[in-house]
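Enquirer: Sequence and predicted structure, then a few things I'm wondering about:
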Amino acid sequence: MRLALTFLRINVMNELQYRANFFLQILESLVALATGLIVLSLIFSQTSALDGWSRPQLLAVLGVFTMVGGVIKFAIEPNMGRIMADIREGTFDYVLTKPIDSQLFVSVREFRLWQLTDVFVGAAVVVWAAQSSDGSGGDNVTGSGAALGFLVSLVAGALMIYCVWLILTTGAFWFVRMEMLEELFTGLYRAGQYPVGIYPGWLRAGLTFLIPIGFAVTVPSEALTGRLTWSRLVLAVGFVVFLMALTRAIWTWGVRNYSGASA
Amino acid sequence: MTATQAGGTGTGTDTPTDLHESGMRAFFRLYSTLFRLAIIEQFQYRAANYFYMIGMVTEPIIYLVVWSTVAEARGGEVGGLTAGAFAAYYIVWTLVRNMNIVFTPFGWEQRIREGALSGQLVRPLHPIHYDLGFFAGWKVVVIVLWIPLAIVLSLIFRPELDPRVSQAVGFFVAIWGAYLIRSLLLWMLGMVTFWTTRVTAAFEVFFAAELLLSGRLVPMQLMPDWVQTIASFLPFESTFGFPITALVGPISDEELVRGLLTQAMWIALGAIGVSVMWRRALRNYTAVSG
């Protein structure tokens, strides 16, 4: 934890040198948001609900999507890219010589500070959406339970994406050329802009368990809009624990298989 | 540099064979060589090309699923389009999107900074020909790789597609027209880099406008009328929505011809724009390095 904070501080200081990038990033976030809002207004000029989701509810999904996307670009994507570069160029040897746990080390080395604008823009949209939506009662989680459910599922979702991405990155130990992974992930992540329920069955299953966008974006959105059931939340937490253990096992196995650049 | 040029024919080297060749033939040979080179080179990277395509394919699938859902909620159609029509639109979309990939304006900064441009300047032909020839060859590889993808998508989403012969011919011409227009447009956009290095913001806004006004996001008939009017004065629709509609319809032969003529007009305007900007940019460029 102290290590992560130290790396974060170094990265922050580094990026503060390039303040113009901040404004660029704000512009980028706003353009993306505006596009999302335009699409929503196009959809809702034709219909009043998309697969049972009303306009403010889809707005909440858009907000969560932007937030989680910001977290990915802030912390996950840069670290994974660095691992692949290290393996390709042979500098991964140095990682293994460090006296601390290698998985922890490679996961907290790189942060892109300005990408946090997406997190704030997304959070603002979430707040805006929460004000205009109404929670429904019954079996579902509402009130302070919903707020807790939102936070828990958001953290769980981000962790799941981290796990899956790291598992796939581990593939670089065997197949050195994996640059297109990032491309593939960013492409697939876009699917989270809408609740996974609208996708056909096989795609929905893939987007939930293989690439857990359903858990990362849809479930927190459900918490916000009063659709979350306790069982789904428990499933999310159980799944993240399973994925963390799996990731750990695969990482350890991959490192053991790594033959080094000099060998 | 002018002294070494062979009588203004456009062939710069003075090997015997080239001297006998007319400008037009040399030009053609350059294109066919670049074309073949790109095919050979890119075919080696078919795995990378494929992964790229799969990542890209999620975008139209999302649009397709969303609009099919809307169409179903409204009892089968929205704006005259059924789920099957959306499927046809967004599957053809994937090919048109591939035809739309050209030399990126972000690449200009690198070209200028690393001096690659200086090397191109001493060549006898306008550097845009090298880009056009190379990317055109790449497109052939892309089209071949696209076919299986289109078959899989068609089996999943069941498009309604029944083009007339004139539509198929028009489509084939239109995708290459789209390729030329977008190449010229992005060349102009990229050349802004000669004047200022803070171009990224301008690019972002350009691409957002293009996304909304080209038919990439939704078929243009779903846009409000005033948006369609704005789009009709801009080149974006010629690069995206028109080629798709040419194949998918509904489109009359007259509209098809009018669309192709509009493309021709944008190509002409683009060519003029590129050559004017290029000449001015070069003056600037020499000033920087001198």
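Expert: Received it, and whenever you're ready, just let me know what you need. Residues are numbered from 1 along each chain as shown, chains lettered A, B, ... in the order given.
Enquirer: which residues of chain B fall in helices?
Expert: B:16-20, B:23-44, B:46-73, B:83-99, B:107-113, B:116-121, B:128-157, B:165-191, B:200-213, B:225-232, B:236-239, B:241-248, B:253-289 (DSSP state H).
Enquirer: tell me how far the fifth one is from the chain's mean position?
Expert: Average the C-alpha atoms of helix B:107-113, do the same for its chain, and the two points are 20 Å apart (Cα atoms, centre = their mean, to the nearest Å).
Enquirer: which strands and helices sit next to that helix?
Expert: helix B:165-191 (3 or more Cβ pairs under 8 Å, 6 or more residues apart in numbering or on different chains; DSSP states H and E). For the C-beta atoms, the positions are set from N, CA and C on the backbone; glycine is no exception.
Enquirer: The helix it packs on to helix B:83-99, inter-axis angle?
Expert: In terms of direction (axes from the mean of the first three to the mean of the last three Cα atoms, to 10 degrees), helix B:165-191 departs from helix B:83-99 by 50 degrees.
Enquirer: Would helix B:165-191 count as contacting chain A?
Expert: No: judged by Cβ under 8 Å from any Cβ of the partner chain, helix B:165-191 and chain A are separated, with a smallest distance of 15.8 Å.
Enquirer: Quick check: A:I87 touching A:T170?
Expert: No: using Cβ atoms under 8 Å, A:I87 makes no contact with A:T170, being 9.6 Å away.
Enquirer: What is the neighbour count of the closest residue to chain A within chain B?
Expert: The minimum distance from chain B to chain A, using Cβ to the nearest Cβ, falls at B:G55 (3.3 Å). Applying other Cβ atoms under 10 Å in any protein chain shown, we find 19 residues neighbouring B:G55.
Enquirer: Spatially nearest residue to it, not counting backbone neighbours?
Expert: A:G187 (3.3 Å; Cβ to Cβ, 6 or more residues apart in numbering or on different chains).
Enquirer: in what helix or strand does that neighbour lie?
Expert: helix A:180-189 (DSSP states H and E).
Enquirer: need the residues of the stretch 1-150 of chain B near chain A, please.
Expert: Near chain A, when you scan the stretch 1-150 of chain B using Cβ under 8 Å from any Cβ, you find B:48, B:51-52, B:54-59, B:61-62, B:65-66, B:69-70, B:73-74, B:78-79.
Enquirer: same thing but 10 Å
Expert: B:45, B:47-59, B:61-63, B:65-74, B:78-79 (Cβ under 10 Å from any Cβ of the partner chain).
Enquirer: Just the buried residues out of those residues, in PyMOL syntax.
Expert: Only the buried entries of the residues of the stretch 1-150 of chain B next to chain A go into this PyMOL selection, using 16 or more other Cβ atoms under 10 Å in any protein chain shown:
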select buried, chain B and resi 49+51+52+53+55+56+57+58+59+61+62+63+65+66+67+68+69+70+71+73+78+79
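Enquirer: I'd like to know how many residues surround B:L155.
Expert: 8.
Enquirer: Next one, pLDDT for it please.
Expert: Predicted confidence (pLDDT) for B:L155: 89.
Enquirer: And A:G143, by the same measure?
Expert: 66.
Enquirer: Looking from chain B, tell me which residue of the stretch 51-200 of chain A is nearest.
Expert: A:G187 (3.3 Å).
Enquirer: what sits against that residue?
Expert: Taking Cβ atoms under 10 Å, 6 or more residues apart in numbering or on different chains as the criterion, A:G187 is in contact with A:M180, B:F51, B:Y52, B:M53, B:I54, B:G55, B:M56, B:V57, B:T58, B:E59, B:I61, B:I62.
Enquirer: so the third one sits right up against B:Y45, yeah?
Expert: In this case it means B:Y52. Yes: assessed by Cβ atoms under 10 Å, B:Y52 is found in contact with B:Y45 at 9.2 Å.
Enquirer: The stretch 151-290 of chain B against chain A: which residues are in contact?
Expert: So the stretch 151-290 of chain B meets chain A at B:156-157, B:198, B:200-201, B:204-205, B:207-209, B:211-212, B:217-218, B:222-224, B:227 (Cβ under 10 Å from any Cβ).
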